[in-house]
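J.: turn this into a model:
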Amino acid sequence: MNIAIITGASSGIGEQFLRQIVRERSSFGSVPFNEIWVVARRSELLETLKTELDPVRIRIFTEDITYASSLNRIRDELSLTKPSVGLLVNCAGVGRTGLFEEAAREDAHNMVALNCSALAELTSICLPYMIPNGDLCSYATGPRIINIASSAGFLPQPGFAVYAATKSFVISFSRAMHAELRRHNIASTTVCPGPVATGFVEKAAGKPGAKTSGFKSLFVVQPEKLVRKSILVSKKGRGLYVYGISQKFLHVASKLLPARFMIFLASHLSKDAKPSVLADDAAAQVVPDSSSEAVQVPADAVTQVRPSAATSPDSSSDSSSVRAAVPEKSPLSGTAGEPQAPLAAGTPETSDAAAQILSRFGSKMP
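T.: As a prediction, the model looks like this:
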């Protein structure tokens, strides 16, 4: 029995792989896979897809593959049925945008566990059911592995730090597997798209209705076309597939240009690389005081206050206690005002007020 295994098959790119693989036919019109095992956490979505696409061949595994018990159940089922795995699509993934310092600890753990550990472990589980068949056929007809990476893995991504790092792992691991498994006539294709029109951005941002915005929105691609091309290049045995002209340019640039410059560019093109509290977020932001009162901060002031600039428990509720952190007038705040008054005698040059102002320009230095 020849089977295909698809993780993350309930939605997004994984769903498109399922939809297209179900329609796959050989040159003689027969189906290439007797069963298609779909793995995801949301059973109701998998059941709907099974009913719609192929109630006979699709087999559902409602599993969270970040858990060893879930991977063991897939391993045990493979051991029981002893199929030949003709195709493994590692599509399950998760991402979170925003500054690392503001992220929950479990977000980093979940990204590494699913994007890296689960992908590598499932590949290890499936290889004993791929290699024997690969040794008996040619490279053109051998088993295939498709690992969904991302162009985010080409370079460090401020505001997307952990996700980009996990995709860098996928690229490195998958390309190494391609070299190792070549002697068994198995191809491991690494797919690196840019932004894709799925629900990924909404989940990554944690905001309902969120979409790719700004400069990146110009390069959003449709998952149907991405998956169709990915299947074609996998059949040809290619090791790396960068989808889209813009992402090919980024891939080349990441190899030729200094990493420091690329990081600088990425940080200024991504709003996720900036602090979550910005001066233009509202007409005024409220900075909590140590007492029951609060100080209203004008929108034209620097509102990202370092913890060291906050008032101490012993300070009074007078608004002067936070003047060092939030200047009343600043010629650098984007408003027309008088030139900044010179610092009083004895004021250290590295005061919190100066540090806050300089920090707005320090990040622009490459």
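
J.: what's in contact with stretch 42-53?
T.: Residues from elsewhere that reach stretch 42-53 (CB atoms under 8 Å, 6 or more residues apart in numbering): 9-11, 15, 18-19, 22, 38, 40, 58, 60, 62. C-beta here means a position set from N, CA and C on the backbone, and glycine is covered the same way.

J.: out of these, who's the most crowded?
T.: Ala9 (31 neighbours; other CB atoms under 10 Å).

J.: where along this protein do the strands fall?
T.: Per DSSP state E, the chain carries strands over the ranges 2-7, 35-40, 58-62, 84-90, 144-148, 187-192, 240-242, 284-288, 294-298.

J.: got the contacts of stretch 42-53 as TSV, with pLDDT and distance to Ala113 columns?
T.: Shown next, in TSV, are the contacts of stretch 42-53 (pLDDT from 0 to 100; distance: CB to CB, whole Å):
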residue	pLDDT	distance to Ala113
Ala9	95	19
Ser10	94	18
Ser11	91	19
Glu15	95	22
Leu18	97	23
Arg19	96	27
Val22	95	29
Val38	98	20
Ala40	96	16
Ile58	97	26
Ile60	98	22
Thr62	97	18
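
J.: would you turn those residues into CSV with distance to Gly86?
T.: Output for the contacts of stretch 42-53, formatted as CSV (distance: CB to CB, whole Å):
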residue, distance to Gly86
Ala9, 16
Ser10, 22
Ser11, 24
Glu15, 20
Leu18, 15
Arg19, 18
Val22, 14
Val38, 15
Ala40, 20
Ile58, 15
Ile60, 19
Thr62, 23
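
J.: what are the structural domain limits within this structure?
T.: Here the domain parsing of the chain from automatic domain parsing is 2-272, 284-362.

J.: ranking these by mean pLDDT, which is last?
T.: Among the domains of the chain, domain 284-362 has the lowest mean pLDDT, at a mean of 41.

J.: report the separation between the nearest residue to Val31 once chain neighbours are set aside and Phe33.
T.: Counting by CB to CB, 6 or more residues apart in numbering, Arg25 is the residue found nearest to Val31 once chain neighbours are left out, at 6.4 Å. Relative to Phe33, Arg25 is positioned 11 Å away (CB to CB, to the nearest Å).

J.: so for the two, which sits in the more crowded spot?
T.: Legend: neighbour count by other CB under 10 Å for Arg25 and Phe33, higher for Phe33 (20 against 9).
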